[in-house]
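Peer 1: Okay, sequence plus prediction incoming.
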Amino acid sequence: MQDQAERLRQLVGRLNSPVVLEKSVPIPSHCRIITVTSGKGGVGKTNLSVNFALALAAKGKNVLLFDADMGLANVDVMLGMMPQHTLLNVLNGQKTLSEIVLEGPGGIRVVASGSGGVQELADLNETQRGKFLEALLELQHQSDLILIDTGAGLHRNVLAFALAAEEVVIVTTPEPTALMDAYGMIKVLYREKHNPVISVVVNMAGNQIEADEAGKKLVILSKRFLNLEVDYLGFVPRDPAMIKAVREQKPVLLAAPSCPAAISLTRLAGMILSGKSQRGEGNLINFFKKVTQIFGAKNHG
Ligand SMILES: Nc1ncnc2c1ncn2[C@@H]1O[C@H](COP(=O)(O)OP(=O)(O)OP(=O)(O)O)[C@@H](O)[C@H]1O
Ligand SMILES: [Mg+2]
């Protein structure tokens, strides 16, 4: 865990690249950007992102679900969608963003990143990064919330989105390894961000006691060693209906809306909406600046 935190810190320490946007982009008025991430892989980020997006849309929000897992994109797979074009086509200049945004179920809009090892954002050249940021800026005008599903842990793309968004939801399971990796991520966000807003969700919990114990452990560790208030949002139980829904390529909220996981997910989405993490204007400007800097680190550092 120490190693992971240290490596992330070193990555962040090498930031320096500005990117010039080709178009002038108006300053956004409001739009929350929430990055969903984790220390350990396979803990349920994509499932939670997809179902949070649906639950938030059901509560009347205009939601954009952005798949930032460029290596192993699977938001589209989980939604049973087969996008013909992805973000990669936008970055290559073959498509505009509005041409690749997909209408998902429940009124959500989806930006697919493309499955199967597409180019990493960190490997894009400066023109492509500029295009990417312009694309994101376009999108926020039509959205109340942008939910960004990332990969896990140490990856540069993950780090970029986790550091750039003002609000981060860290997903963990109750397992000690997942918890320690989650704490590793919290530590990095604490060190690299001013006043980070971090929530924790414990997924695949056997029961509430186990979940609360895990969630509170992260809250206590963060308070004791970092003096950082981390918000334990709650838990999603381990639920066979979730596994079945994934196999059927349907979000559990639509496939089995009254199963325990779906009920928890809807409740947690309500907490995200009403949570302390709501911030005013200015999120996006910082967000894009930071994403740009971090994506630039590899080519310039
Ligand atoms: N609450 C749950 N109950 C039971 N199984 C679950 C639950 N949440 C997730 N899963 C299972 O865990 C698997 C991994 O979930 P998911 O793909 O969302 O994780 P991830 O964190 O996005 O993974 P990666 O790090 O590879 O992106 C799912 O395919 C599903 O079978
Ligand atoms: Mg995933």
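Peer 2: Nice, thanks for sending it over. Please read these numbers as outputs of a predicted model, since none were measured by experiment. Ligands and ions are numbered 1, 2, ... in the order given.
Peer 1: Can you tell me the SS state at the residue of the stretch 201-301 of the chain at minimum distance from ligand 2?
Peer 2: Closest residue of the stretch 201-301 of the chain to ligand 2, Cβ to the ion: residue 246 (10.9 Å). The way it works is simple: take the backbone N, C-alpha and C, and place the C-beta from them, glycine included. Assigned with DSSP: H, G, I helix; E, B strand; the rest coil, residue 246 falls in the helix class.
Peer 1: what residue ranges in this structure score low on pLDDT?
Peer 2: 1-29, 70-73, 114-126, 129, 133, 135, 154, 156-157, 276-301 (pLDDT under 70).
Peer 1: residue contacts, the residue of the stretch 201-301 of the chain closest to ligand 2?
Peer 2: Shown in contact with residue 246 (Cβ atoms under 8 Å, 6 or more residues apart in numbering): 47, 78, 252.
Peer 1: Compute the distance between the last one and residue 46, please.
Peer 2: Just to be clear, that refers to residue 252. As defined by Cβ to Cβ, to the nearest Å, residue 252 lies at a distance of 12 Å from residue 46.
Peer 1: Which strand or helix spans residue 36?
Peer 2: strand 32-37 (DSSP states H and E).
Peer 1: How about the residues of this structure by ligand 2?
Peer 2: The chain comes close to ligand 2 at residues 45-46, as judged by Cβ under 5 Å from the ion.
Peer 1: for the chain, what's the longest strand?
Peer 2: strand 197-205 (DSSP state E).
Peer 1: which is the next helix or strand following that strand?
Peer 2: From strand 197-205, the next helix or strand downstream (DSSP H and E) is helix 208-226.
Peer 1: Just the buried positions in that following helix, please.
Peer 2: Within helix 208-226, the residues that count as buried by 16 or more other Cβ atoms under 10 Å are 210-212, 214-215, 217-219, 221-222, 226.
Peer 1: quick one: that helix to chain centroid distance?
Peer 2: 21 Å (Cα atoms, centre = their mean, to the nearest Å).
Peer 1: hmm, who's touching it?
Peer 2: Taking Cβ under 8 Å, 6+ apart as the rule, helix 208-226 contacts 170, 172-174, 179, 182-183, 186-187, 190, 198, 200, 202, 205, 228-235, 237.
Peer 1: swap the cut-off to 6 Å and go again
Peer 2: With contacts defined as Cβ atoms under 6 Å, 6 or more residues apart in numbering, helix 208-226 is touched by 174, 179, 183, 186, 190, 200, 202, 205, 228, 230, 232, 235.
Peer 1: Heading C-terminal from it, find the next helix or strand.
Peer 2: Counting by DSSP H and E, what follows helix 208-226 is strand 231-237.
Peer 1: What residues sit buried inside that following strand?
Peer 2: Buried residues in strand 231-237 (16+ other Cβ under 10 Å): 231-237.
Peer 1: Describe which strands it pairs with in its sheet and in which direction.
Peer 2: strand 197-205 (parallel) (DSSP bridges).
Peer 1: sorry, back to before: nearest to ligand 1 among the buried residues of strand 231-237?
Peer 2: Distance to ligand 1, by Cβ to the nearest ligand atom, is smallest for residue 236 among the buried residues of strand 231-237, at 4.6 Å.
Peer 1: does residue 69 really touch residue 151, like I thought?
Peer 2: Yes - in this structure residue 69 lies within contact range of residue 151 using Cβ atoms under 6 Å: 4.4 Å.
Peer 1: Tell me who's in contact with residue 230.
Peer 2: By Cβ under 6 Å, 6+ apart, the neighbours of residue 230 are 198, 200, 218-219, 222.
Peer 1: can you rerun that using 8 Å?
Peer 2: Residue 230 neighbours (Cβ under 8 Å, 6+ apart): 186, 198-200, 218-219, 222-223.
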